[in-house]
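# Just to be clear, the model below is a prediction. Sequence and coordinates:
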Amino acid sequence: MNTEKTYAAYLDQQDDLKSFRDEFYIPNNTIYFDGNSLGLLSKRAEQSVESILNSWKRYAIDGWSEGAQPWYYLSEKLGSMSCELVGAEPEEVVVTGSTTTNLHQLVASFYNPEGRKTKILADELNFPSDIYALKSQLKLKGYDTSHLIQVKSQDGNTLNTQSIIAAMTDDVALIVLPSVLYRSGQILDMKTLTYEAHKRGIIIGFDLCHSIGSIPHHLSEWGVDFAFWCNYKHLNGGPGSVASLYVNKKHFGNEPGLAGWFSSDKEKQFDMEHTLTPAQNAGAYQIGTPHLLSSAPLLGTLELFQEAGIKRVREKSLRLTNYLMELIEAELSGYGFTIANPKDDAARGGHVFLEHKEAARICKALKTDGVIPDFRTPNGIRLAPVALYNTFREVWQTVKILKTIMVEERYNKFENKRGVIA
Ligand SMILES: Cc1ncc(COP(=O)(O)O)c(C=O)c1O
Ligand SMILES: Nc1c(O)cccc1C(=O)C[C@H](N)C(=O)O
């Protein structure tokens with residue numbers, strides 16, 4: 001392992017994505033390793049917001065049909081711009097809602113308990129919002145929350161494929177799992193899980209919040225029934241940006257569980273009939289008027305991903321996280337850290353997850369020294385070196401800063417307690 005700074009500089013020089021850093025606003029004197037929670041603003045996203053504002057200024061109501069990006073078709077257009085990121089056909093993806101409201105929509109649409117098949121299978125490590133949504137959907141269908149089965153983790157950080165498969169019993173109607181776990185960054189084997197679910201007649205969907213824009217997916221090829229994700233993490237769509245969903249085309253033509261006039265076939269929508277004619281694509285899972293101003297940044301940011309290509313993004317991301325783990329092992333052994341993310345490339349998402357008993361205050365010390373990580377309760381530090389705007393030099397500097405914090409016990413100045421927002 002070469003721990004020299006010159007080696008980091010050499011890796012940056014070899015980086016064929018290095019020009020993309022200039023596309024972003026990097027906060028001054030900051031190493032931003034939190035792009036897995038909120039990605040940075042790009043100049044293209046800023047321009048695309050301006051262009052939507054200008055179309056409002058210029059066309060007023062006619063902005064729905066006029067201008068470079070008629071608003072009426074924008075959600076579908078952004079869906080088609082995202083389809084390569086998830087390995088889907090253009091009409092299988094639409095930009096709409098929020099992660100959590102999309103999950104509500106998809107469960108309302110795909111959870112059809114019948115006979116013995118009444119249960120929903122999830123896991124005990126998923127982000128809480130998903131679990132809250134699943135429990136409330138069960139209640140809406142008249143079931144108590146014992147109908148939610150949560151696969152257990154053996155080590156508190158990862159899930160075992162065989163344990164998930166073993167939980168696919170014949171009383172399960174629907175499975176909802178994350179693609180990448182938000183704490184440990186483990187990638188679940190979506191292909192195998194989909195195959196095994198379908199063998200048992202179970203519908204399966206994935207939450208792609210932590211994988212979208214970070215790893216490639218092949219949702220159509222794997223036959224995944226549905227997926228949903230936010231666009232504000234690796235895709236840099238901005239705080240509260242509109243989310244996305246994917247529905248496999250074999251399900252087209254069905255009525256959405258939660259309908260609204262934007263679920264309609266576009267040609268029929270303004271007929272104002274009280275009987276819905278659902279769109280024959282993923283657009284059917286929209287509900288009301290799209291949030292144009294919070295969709296707008298995606299026009300710019302998805303263009304950047306089309307230029308970079310998800311394959312190159314993933315290759316660099318793996319090199320960055322691998323370099324980070326190697327430096328941590330070389331420089332920080334004996335300081336109480338555990339690398340708690342999977343180490344092999346096939347199972348590691350876009351961030352490194354360190355556990356330490358002083359994690360909350362180590363994060364505060366890192367922030368004071370210009371490195372932005374995030375803390376995940378009770379003892380986790382997430383570090384996400386992002387392929388489009390972070391460098392190998394920043395990885396090297398971060399480990400150096402972290403070592404100083406540990407050697408000088410700088411974290412002692414802080415309380416080992418999370419802030420209101422972590
Ligand atoms: C895995 C996962 N699911 C769901 C959410 C909630 O998404 P939203 O607040 O966009 O509905 C998040 C993050 O906030 C997440 O990381
Ligand atoms: N959605 C967030 C928010 O509104 C405020 C602060 C953070 C978030 C996040 O996205 C957290 C993120 N889902 C996580 O993986 O922890």
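Noted; the coordinates are in hand. Numbering: from 1, shown residues only. Ligands and ions are numbered 1, 2, ... in the order given.
# what about the residue nearest to residue 395 when sequence neighbours are not counted, which helix or strand?
Spatial nearest neighbour of residue 395, chain neighbours left out: residue 324 (4.9 Å); criterion: CB to CB, 6 or more residues apart in numbering. C-beta coordinates here come from the backbone N, C-alpha and C atoms, glycine included. Using DSSP states H and E, residue 324 sits within helix 310-331.
# List the contacts of that helix.
Contacts with helix 310-331, where a contact means CB atoms under 8 Å, 6 or more residues apart in numbering, come from 1, 3, 8, 11, 15-17, 84-85, 213-216, 305, 337, 339, 341, 343, 345, 348, 350-352, 354, 383, 385-388, 390, 392, 395-396, 398-400, 402-403.
# go on, stretch 44-60?
23, 25, 63, 66-69, 71, 236-238, 292-293, 296-301, 303-304.
# one more time with 6 Å, if that's ok
Contacts to stretch 44-60, defined as CB atoms under 6 Å, 6 or more residues apart in numbering, come from residues 63, 66, 67, 292, 296, 297, 299, 300, 301, 303, 304.
# Could you tell me which residues within stretch 89-101 count as buried?
90, 91, 92, 93, 94, 95, 96, 97, 98, 99, 100, 101 (16 or more other CB atoms under 10 Å).
# can you check stretch 61-68 too?
For stretch 61-68, by 16+ other CB under 10 Å, it's 63, 64, 67.
# What mean pLDDT does that stretch get?
Averaging pLDDT along stretch 61-68 yields 96.
# quick one: the helices in the protein?
Secondary structure of the chain (DSSP state H): helices at 5-14, 43-59, 74-86, 99-110, 128-140, 161-166, 190-199, 219-222, 292-308, 310-331, 359-368, 392-407.
# Mind checking the pLDDT average for the longest one?
Rounded to a whole number, the mean pLDDT of helix 310-331 is 98.
# CA atoms only for it, dumped as CSV, please.
Extracted in CSV, the C-alpha atoms of helix 310-331 (Å, rounded to 0.1, in the frame of the first residue of the first chain):
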residue,chain,number,x,y,z
ILE,A,310,-22.8,5.0,-14.8
LYS,A,311,-20.1,2.3,-15.6
ARG,A,312,-17.3,4.9,-15.3
VAL,A,313,-18.9,6.4,-12.2
ARG,A,314,-19.0,3.0,-10.5
GLU,A,315,-15.4,2.1,-11.5
LYS,A,316,-14.1,5.4,-10.0
SER,A,317,-16.3,5.0,-6.9
LEU,A,318,-14.9,1.6,-6.2
ARG,A,319,-11.4,2.9,-6.6
LEU,A,320,-12.1,5.8,-4.2
THR,A,321,-13.7,3.6,-1.5
ASN,A,322,-11.0,1.0,-1.9
TYR,A,323,-8.3,3.6,-1.5
LEU,A,324,-10.0,5.0,1.6
MET,A,325,-10.3,1.6,3.2
GLU,A,326,-6.7,0.8,2.5
LEU,A,327,-5.5,4.1,4.0
ILE,A,328,-7.7,3.6,7.1
GLU,A,329,-6.2,0.2,7.6
ALA,A,330,-2.7,1.5,7.1
GLU,A,331,-2.9,4.7,9.2
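# Give me the distance between it and the centre of its chain.
Relative to the chain's own centre, helix 310-331 is displaced by 19 Å; criterion: CA atoms, centre = their mean, to the nearest Å.
# relative orientation of it and helix 5-14 in degrees?
Relative orientation of helix 310-331 versus helix 5-14 (axes from the mean of the first three to the mean of the last three CA atoms, to 10 degrees): 180 degrees.
# Closest one of the buried residues of stretch 61-68 to ligand 2?
residue 63 (28.3 Å; CB to the nearest ligand atom).
# show me the contacts for the closest one.
Each residue near residue 63 by CB under 6 Å, 6+ apart is listed here: 55, 56, 71.
# For these, pick the one with the most neighbours.
Among the contacts of residue 63, the one with the most neighbours (other CB atoms under 10 Å) is residue 71, at 23 neighbours.
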